[in-house]
Every structure is written in C-alpha cells, then in structure tokens.
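J.: for reference, the sequence and a predicted model appear below.
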Amino acid sequence: MDSMRKTALVAGILYLITFISVATLTLYGPVLKDPAYILSSGSDAGLRWGALIDVIVALAGIGTAITLYPVVRRQNETFALGFVTSRVIEGAMLLTGVVSLLSLASLHQVGAAAGADSTALLTSGASFVGTYNAAFLIGGTLMPAMNALLLGYLMYRSSLVPRLIPAIGLVGGVLMTSSVIGQILGINEKISVWSLIALLPIFLWELSLGLWMTFKGFRKEAPLMVEAAAEAESPHGSAPAVLSPIAVATTAGAA
C-alpha cells in the first residue's frame, strides 16, 4: 500500500469516525429538552458519554484536515490552509460545548446537595445549555458548511474522488450556510424543513467521501496522483522538468 493510499485510508476512517456524533442526539436529549434537568436526581452517565463522543469527534475532524493537507495543498494551498483552519475552529467550538455540558453535570451533582437555590440552579442550567447550543450552531453546523465549500472545491478541481461527491458537498455548503444565517437572524429554527434540506447533502457528502477514501482511495488518473507518481519515480524526489521546444533549441545552440 503506497503512501497516497494510506493517506486516503486514514482520512476516510477519520471521516467515518465523526459519524458517531449521531449518538449524542439521544445522550444529550434529557439535558437539552428538559429545562428542569439540573433539579432532577439521577446519574449524568449519558451526558458524560456524549461529552466523550464529542471530544473524539472534534479530534477526528481535525485529524481529517491534517491528514489531507499534504495532498490537497498541491491543488491550492490557500484553500487547503482554510480547510485546516475551519476544522480547528469546528473542533474548538465542539469542545466549548463539551466544557459547558460538563459544567452543568458537575452543578447537577453538587448543586442540590449543597442546598443551592432552585431558581439559581435553573438559571445556571439554562445558561450552560444556551452556551452549548450557540457553540454547536457554529461548530456543528456552520463549520461543516465551510469545510464542504473548501474541501469540496479542492476535491472537485483535483478529481481525487468522483466529481459528483464534492458537487454534493458544494451544494450542501451553500444551503447549510444559508440555514445558519437564518438561525442567527431568527428567521429559521434549528429544527425546520429548511434546516433538514440543508443537512441532507452535507450528510451525504461526508459519508460518501469517507466511504470512497476508505475503500477506493484517490483516483489514480487524477492529475495530482500522476504528479505524485512522477515525483516518486524521479531520483531527486521531484518530477523531471519538461522543456519547451524553444528552450531545447536555445540550449542546443548554446552548446
């Protein structure tokens, strides 16, 4: 297995790992749906497992960018750096949400036992949940849209994967960005038809990209792959220069 195939495999697996975030929809459910959760008794095991999953997802997301950067920078270094940056911001926002919910879990365990006022606990709980929701809006919704636009462009232009896959990502990036702007301005809800339509192509883009890179790798006929193969065969580690007819004639005349 050559280095490019290994790169595609690692990036694909990391992409697929990020899909474990679906489990947080259930694990965070009691916390996000019940305003009085912080006053309830019982274990915070589900919340803590969800936090651990989000940590894994954040690190895996950053890992995809670090793994793909040496390859996609050959197409456009500016967009490649943008993709790394957007992934780091996404991870930072997800971890911000994790810190918020873990703080809520700690207060849930000690607040009532310490005799804290119920109103104060409810206010603190709502604040933690609000912080999580805001962090998720940026990290879990807007940044994936930016990722799709940046990496989608790189994959579309480079043809490292079939162009239909990044095309779905580019469409999804535009739709998701519009959905987030609508939520920020208060004209769209987190759960709405608009949000669902925007989410579907992003989901398909990341899933299909992860599966293709894991099981197929990069397309060998892609220009970047041809260039990489030429560099690997070159004794100096770079593709041999191709002289134009004018340059050849000039060199011959000088000799």
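T.: Looks like it came in fine. Since the model is a prediction, treat every value here as computed from it, not as a measurement.
J.: now do the helix or strand harbouring residue 166: everything it contacts.
T.: Element membership for residue 166 (DSSP states H and E) is helix 164-185. Outside helix 164-185, the residues that touch it by C-beta atoms under 8 Å, 6 or more residues apart in numbering are 137, 141-142, 144-149, 151-156, 188-190, 194-195, 197-206, 208-209, 212. Quick note: C-beta positions are derived from backbone N, CA and C, even for glycine.
J.: show the buried residues in these.
T.: The neighbour-count criterion (16 or more other C-beta atoms under 10 Å) marks 137, 141-142, 144-149, 151-156, 188, 194-195, 198-199, 201-202, 205-206, 208-209, 212 among the contacts of helix 164-185 as buried.
J.: I'd say residue 62 and residue 85 touch.
T.: No - here residue 62 does not reach residue 85: they are 10.5 Å apart, not a contact under C-beta atoms under 8 Å.
J.: quick one: low-confidence parts of this protein?
T.: 1, 111-116, 235-255 (pLDDT under 70).
J.: got the contact list for residue 28?
T.: 46, 47, 50, 101.
J.: repeat the analysis, applying 7 Å as the threshold.
T.: 47, 50 (C-beta atoms under 7 Å, 6 or more residues apart in numbering).
J.: quick one, helices of this protein?
T.: According to DSSP state H, the chain carries its helices in the segments 3-17, 24-27, 29-33, 45-72, 77-110, 118-136, 143-158, 164-185, 193-215, 223-233, 245-254.
J.: okay, those, which one's buried deepest?
T.: Compared across the helices of the chain, helix 143-158 shows the largest average neighbour count, a mean of 23 (mean count of other C-beta atoms under 10 Å).
J.: which strands or helices does it pack on?
T.: Counting contacts by 3 or more C-beta pairs under 7 Å, 6 or more residues apart in numbering; DSSP states H and E, helix 143-158 is packed against helix 77-110, helix 164-185, helix 193-215.
J.: picking up where we left off before, could the helices of the chain be laid out in CSV, adding distance to residue 39?
T.: Shown next, in CSV, are the helices of the chain (distance: least, C-beta to C-beta, whole Å):
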stretch, distance to residue 39
helix 3-17, 35
helix 24-27, 20
helix 29-33, 12
helix 45-72, 15
helix 77-110, 8
helix 118-136, 6
helix 143-158, 33
helix 164-185, 28
helix 193-215, 30
helix 223-233, 57
helix 245-254, 79
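J.: and the spatially closest residue to residue 188 that is not a sequence neighbour, how far from residue 215?
T.: In this structure, residue 188 finds its nearest non-sequential neighbour in residue 182, 3.0 Å apart by C-beta to C-beta, 6 or more residues apart in numbering. Look at residue 182 and residue 215: by C-beta to C-beta, to the nearest Å, they are 36 Å apart.
J.: try residue 202
T.: Residue 202 sits 21 Å away from residue 215, going by C-beta to C-beta.
J.: my guess is residue 67 contacts residue 8, does it?
T.: No - between residue 67 and residue 8 there is no contact under C-beta atoms under 7 Å: 8.9 Å.
J.: ok, and what's touching stretch 188-200?
T.: 172, 175, 176, 178, 179, 182, 183.
J.: how about 6 Å then?
T.: 175, 176, 179, 182 (C-beta atoms under 6 Å, 6 or more residues apart in numbering).
J.: go on, stretch 96-108?
T.: Stretch 96-108 has contacts (C-beta under 6 Å, 6+ apart) with 38, 44, 47, 51, 54-55, 124-125, 128, 131-132, 135-136.
J.: what is the nearest of these to residue 231?
T.: Distance to residue 231 across these (C-beta to C-beta) is lowest for residue 55, with 37.2 Å.
J.: distance-wise, check the closest residue to residue 229 other than its chain neighbours relative to residue 80.
T.: Once flanking residues are discounted, residue 229 sits nearest to residue 220: 8.0 Å by C-beta to C-beta, 6+ apart. Residue 220 is 21 Å from residue 80, where distance means C-beta to C-beta.
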